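Student: Return atomic coordinates for the entry below.
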Amino acid sequence: MKKPVIGIMGNTFMTEVGMFNSTERVYANTAYVEAVLKNGGIPVVIPASAILTGPDEAMAFCDGLLFPGGEDLHPWYYEEEPLPVLGEIRPEIDKALFRAGQYAITRRIPMLGICKGHQFLNVLMGGSLYQDISLREKESLQHMQKRKRSYLTHRVEVLGETRLASALGAGKLETNSMHHQAVKKLGRGLKASAYAADGVIEALEDEEGLIMGIQWHPENLIDSAPAMNQLFSFFNEHCVRMKTFYSGRMPDPE
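Tutor: Residues are numbered from 1 along each chain as shown. Now for the predicted structure:
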């Protein structure tokens, strides 16, 4: 099987003052790159600026897209105003994410969202978020762990007859947890595929096979919880299957 090219959406950061004159850099966490690479994919980091300049040129070579974690999504995208509990937002990154997501839907490119990426995919499809888990009516578990990212801190229930169950198996699954926002209303065509014990939606997917969202960080567990490798190998193989299925079916872009 040909290895799929997986585009990882890049973020930016400023180096410390005095380090190379405080320059801005494009990056993706090494854990995402290694998780894709170790499980049969070819990872390529795609800068947000390249997506905004021309999504076709930036992503035409991709068989799948990975939307990683990051800062909070601007609540304007789901028709809310910012509340005091909202964290840092990055408007230019959000704009690139939506441009990439819309391109992927049009071109039938599978997408895997992790943490913020999971939340983004829900909003992309018209869903909404809790700007902070404290705004839920129910009491919540600790979702922002105070330990290493490789530690397992709470369990989720993976629902049967889902693609997530095909990758990881149905039933109880131990995960890490590093988020303060969560899915509120599910987007169009989406269904939950895993829940935490407090009812927080921990994973989602669509029926067509284009969208899979994971709230925890499986890329940080490929050594401490090796079963998480199956998620990335499943996604990589799924991207190849979907490309084969849609080959010759998509119209040329106008």
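
Student: drop to CA atoms for contacts and neighbour counts, all remaining ones
Tutor: OK.

Student: C62: what secondary structure?
Tutor: Three-state call for C62 (DSSP: H, G, I helix; E, B strand; the rest coil): coil.

Student: And for it, the neighbour number?
Tutor: C62 sits with 21 neighbouring residues when counted by other C-alpha atoms under 10 Å.

Student: Adjust the sequence numbering to begin at 853 for everything that follows.
Tutor: I'll keep to 853 as the first residue from here, and by that count the last item is C914.

Student: Now do stretch 857-877: distance to the chain's middle.
Tutor: Chain-centre distance of stretch 857-877: 20 Å, with C-alpha atoms, centre = their mean, to the nearest Å.

Student: Need the distance between the two termini of that stretch.
Tutor: By C-alpha to C-alpha, to the nearest Å, the extent of stretch 857-877 from end to end equals 23 Å.

Student: do stretch 1045-1061 as well
Tutor: First-to-last distance for stretch 1045-1061 - C-alpha to C-alpha - comes to 13 Å.

Student: How are the strands of this protein distributed by residue range?
Tutor: Assigned by DSSP state E, the chain shows strands spanning 857-861, 863-866, 876-879, 894-898, 916-919, 963-966, 981-982, 1006-1010, 1023-1027, 1034-1035, 1042-1048, 1053-1058, 1063-1066.

Student: Dump these into TSV; add mean neighbour count, mean pLDDT and distance to E989 as well.
Tutor: As requested, those are arranged in TSV below (neighbours: other C-alpha atoms under 10 Å; pLDDT from 0 to 100; distance: least, C-alpha to C-alpha, whole Å):
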stretch	mean neighbour count	mean pLDDT	distance to E989
strand 857-861	25	98	33
strand 863-866	15	89	33
strand 876-879	14	88	37
strand 894-898	20	98	38
strand 916-919	26	98	29
strand 963-966	25	98	25
strand 981-982	19	98	11
strand 1006-1010	20	98	20
strand 1023-1027	16	98	23
strand 1034-1035	24	98	13
strand 1042-1048	21	98	15
strand 1053-1058	25	98	14
strand 1063-1066	26	98	22
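
Student: Of those, which is nearest E886?
Tutor: strand 894-898 (8.2 Å; C-alpha to C-alpha).

Student: on that earlier part again, which one of the strands of the chain lies closest to S992?
Tutor: Smallest distance to S992 across the strands of the chain (C-alpha to C-alpha): 9.3 Å, for strand 1042-1048.

Student: Who are the packing partners of that closest one?
Tutor: strand 1006-1010, strand 1053-1058 (3 or more C-alpha pairs under 8 Å, 6 or more residues apart in numbering; DSSP states H and E).

Student: orientation of the longest one relative to strand 1042-1048 in degrees?
Tutor: Right, the one you point to is strand 1053-1058. 160 degrees (axes from the mean of the first three to the mean of the last three C-alpha atoms, to 10 degrees).

Student: Tell me which strands strand 1053-1058 pairs with, and in which orientation.
Tutor: Strand pairing for strand 1053-1058, determined by DSSP bridges: strand 1042-1048 (antiparallel), strand 1063-1066 (antiparallel).

Student: Neighbours of I957, how many?
Tutor: Around I957 there are 14 other residues, counting by other C-alpha under 10 Å.

Student: does it really touch L1062, like I thought?
Tutor: Yes: the pair I957 / L1062 is scored as a contact, 7.5 Å apart, by C-alpha atoms under 8 Å.
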